[in-house]
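Trainee: model the structure of this input:
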Amino acid sequence: MDRIILIETSTSLCSTALVEDGRVVCEKLSTEPRAHASMTAPFVSEMMSERGLSVKDCSAVAVSKGPGSYTGLRVGVSTAKGLCFGAGIPLISVGTLDTLVWQAIDEGLLPEGCKYIIPMVDARRMEVYTGIFTPDGRQVSPTVAQIVDENSFKEQLEEGPVLFIGDGAEKCREVIGEASFVQCCPKASGMTNPAYKALKEKQFEDVAYFEPFYLKEFMTTVSKKKLF
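Mentor: Residues are numbered from 1 along each chain as shown. Presented below is the predicted three-dimensional model:
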């Protein structure tokens, strides 16, 4: 039996799932702020306990590779690497945009006649991490950080119904206009299809050297508060 642990921590939602032969048998979710570091590993442990399994009983661990929250991605990848090292199993990475696209497909969220799925991960203000996908999950444009305005995605919208999905979707509704919008975070269960494809094709990451795909460099700011 092919069994994969899925870890998705790229946005505000901390999410894990366990899938067996393509079917989700256990899932854990939390929207508690800044709790990824304290919840991700316990979620995995709880799932294993509930199923009477150990990590060594799994075929691989799949983790969100980004783009998304710098801290969230670090937590997820670090946890996944630790599990893989300890159990001696392969590491799989799944793009955040792919997860949102397959979430839309698996949950039947596509509008009738949908021509494109455009996932949007919030990157603050009117900027999103995005790419363009076909209704069968194939990516047809690069993953980019894009500032959305009234001219964004005009060509796709002219071709027919478009679904915008992700935690950056709703803020773009008034700017983009007529389309379908689903405001949500990527969930670990949405990783199932691409994770199984990677497992079958043996598309594994180097556990020692794999790094998340941040897309943009991490920016730090200097606090204006006086320390002394």
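Trainee: just give me the longest helix of the chain.
Mentor: helix 70-87 (DSSP state H).
Trainee: could you chop this structure up by domain?
Mentor: With domains defined by automatic domain parsing, the chain comprises 3-95+187-200, 97-183.
Trainee: quick revisit: and after the longest helix of the chain, which helix or strand comes next?
Mentor: strand 91-95 (DSSP states H and E).
Trainee: where in this protein is the helix or strand with the lowest mean pLDDT?
Mentor: helix 173-176 (a mean of 94; mean pLDDT, DSSP states H and E).
Trainee: I would like the residues contacting it, please.
Mentor: 126, 148, 149, 150, 152, 153, 157, 164, 179, 181 (Cβ atoms under 8 Å, 6 or more residues apart in numbering). Glycine gets a C-beta too; all of them are placed from N, C-alpha and C.
Trainee: can you pull up the most central residue in this protein?
Mentor: residue 96 (3.0 Å; Cα atoms, centre = their mean).
Trainee: so the closest residue to that residue other than its chain neighbours is in which element?
Mentor: Nearest residue to residue 96, sequence neighbours excluded (Cβ to Cβ, 6 or more residues apart in numbering): residue 10, at 4.4 Å. Using DSSP H and E, residue 10 sits in no helix or strand.
Trainee: ok, residue 10 - contacts?
Mentor: 64, 66, 67, 68, 69, 72, 73, 76, 96, 99, 121, 186.
Trainee: pLDDT score for it?
Mentor: You'll see residue 10 listed with a pLDDT of 97.
Trainee: switch to numbering from 5
Mentor: New numbering, starting at 5: the last item is residue 14.
Trainee: just the domains of the chain: most buried one?
Mentor: Among the domains of the chain, domain 7-99+191-204 has the highest mean neighbour count (mean count of other Cβ atoms under 10 Å), at a mean of 20.
Trainee: can you measure across it, start residue to end residue?
Mentor: 12 Å (Cα to Cα, to the nearest Å).
Trainee: how far does that domain sit from the chain's center?
Mentor: 10 Å (Cα atoms, centre = their mean, to the nearest Å).
Trainee: what does stretch 143-160 give?
Mentor: On Cα atoms, centre = their mean, the centre of stretch 143-160 falls 19 Å from that of its chain.
Trainee: so what touches that stretch?
Mentor: 71, 99, 101-102, 105, 119-120, 122, 124, 127, 129-138, 166, 176, 179-181, 217, 219-220.
Trainee: in helices only, show me those.
Mentor: 101, 102, 105, 179, 180.
Trainee: what is the nearest of those to residue 212?
Mentor: Ranked by distance to residue 212 (Cβ to Cβ), the ones in helices among the contacts of stretch 143-160 are led by residue 102 at 23.8 Å.
Trainee: surely the closest one touches residue 125?
Mentor: No - with contact defined as Cβ atoms under 8 Å, residue 102 does not reach residue 125; the gap is 11.5 Å.
Trainee: re the thing from before, just the contacts of helix 177-180 now: which is nearest residue 194?
Mentor: Of the contacts of helix 177-180, the one sitting nearest to residue 194 (Cβ to Cβ) turns out to be residue 168, at 15.7 Å.
Trainee: which residues does the closest one contact?
Mentor: 122, 123, 124, 176, 177, 180, 183, 184, 185, 186.
Trainee: this completes my enquiry, with thanks.
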